[in-house]
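Chemist: just need the structure, nothing else, for what follows:
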Amino acid sequence: MNIYVIMKRTFDTEEKIVINDGVIDEDGAEFIINPYDEYAIEEAIVLRDEHGGEVTVVTVGDEDAEKELRTALAMGADKAVLIDVEDVDEELDHFSISKALTAYFSKKEYDIILGGNVAVDDGAGQVASRVAEGLGINQVTTITSLEIDGTAVNIERDVEGDVEKIETSLPLLVTCQQGLNEPRYPSLPGIMKAKKKPLDTIDLDDLDLEEEDVEAKTKTIDRFLPPEKQAGKILEGEVDEQVDELVQLLRNEAKVI
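Modeler: The predicted model follows:
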């Protein structure tokens, strides 16, 4: 089985993030595999162990992403591919990334492509679905269970607190949600083996793409951190007095009633 995973390198949202003039200070940021993509990598490894074949992890970025690709290899993936866009002058968006990935997959034989449900740095959840649309293949998002029998696929997906059951077929693209599995940590033997596993770098020329083919359709105007939370208020007095004060605060300060 030919299994592919779309991976994104993201900054760690649990660490302190500094923004200067709308730009994230990458020198002080810690970067990781997008946590939702870890579910995709884990599920890909499980599928390979069950059905045979190999797992290839693909990302779009620059050479800094090699660290996260090596981590994916240490988890158990067989191959990694970096689509290097470091020489592209303009900032790329979801259209740009999906365009490059679609061009890459159009040259490959694949049974299933897995990705994370969303990326924690922007929460857009666009790229994987755009790739499926570009390839003209079935897609199911936010999956929490996946079973494959031949070319038949049974899926459970999260639908806002409920479960939807879907029957579909390969080839297929899915995006993975928390609850699908528990991603493994790279073991010491896995880390050592990852150093010898293939990590290929290709560029837009290898995909028969020009820079204008991946020109962004959107532009980021600004980035900023959420405002700091203000200190809360403790209401005092009798219950009736507290209720009156609360109503006044909600009406005059919060302006929600």
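
Chemist: where does this protein dip in pLDDT?
Modeler: The model of the chain has no residue with pLDDT under 70.

Chemist: let's go with 90 and repeat that
Modeler: 11-30, 87-91, 121-123, 158-161, 219-236, 249, 253-257 (pLDDT under 90).

Chemist: which stretches of it form helices?
Modeler: 35-51, 66-75, 94-105, 127-135, 188-194, 239-252 (DSSP state H).

Chemist: what's the closest of those to residue 225?
Modeler: helix 35-51 (20.0 Å; Cβ to Cβ). Where you see a C-beta, it was placed from the backbone N, CA and C, and this is true even at glycine.

Chemist: for residue 180, see how far away residue 198 is.
Modeler: 27 Å (Cβ to Cβ, to the nearest Å).

Chemist: more crowded one of those two?
Modeler: residue 180 (25 against 10; other Cβ atoms under 10 Å).

Chemist: now do the contacts for that one.
Modeler: For residue 180, the contact set (Cβ atoms under 8 Å, 6 or more residues apart in numbering) comprises 39, 42-43, 143-146.

Chemist: could I get the residues you listed in a markdown table, plus columns for neighbour count and distance to residue 255?
Modeler: Converted to a markdown table, the contacts of residue 180 look like this (neighbours: other Cβ atoms under 10 Å; distance: Cβ to Cβ, whole Å):
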| residue | neighbour count | distance to residue 255 |
| --- | --- | --- |
| 39 | 26 | 41 |
| 42 | 20 | 46 |
| 43 | 23 | 46 |
| 143 | 24 | 41 |
| 144 | 17 | 40 |
| 145 | 17 | 45 |
| 146 | 21 | 47 |
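
Chemist: what ranges do the strands span in the stretch 151-257 of the chain?
Modeler: Taking DSSP state E, counting those that start in this stretch, the strands of the stretch 151-257 of the chain run over residues 152-159, 162-169, 172-176, 199-202.

Chemist: redo those strands as CSV? Include mean neighbour count and distance to residue 92.
Modeler: CSV is the format used below for the strands of the stretch 151-257 of the chain (neighbours: other Cβ atoms under 10 Å; distance: least, Cβ to Cβ, whole Å):
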stretch, mean neighbour count, distance to residue 92
strand 152-159, 17, 29
strand 162-169, 11, 30
strand 172-176, 25, 20
strand 199-202, 14, 16
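
Chemist: so which of the ones you listed comes closest to residue 208?
Modeler: Smallest distance to residue 208 across the strands of the stretch 151-257 of the chain (Cβ to Cβ): 11.1 Å, for strand 199-202.

Chemist: with that, I have no additional questions.
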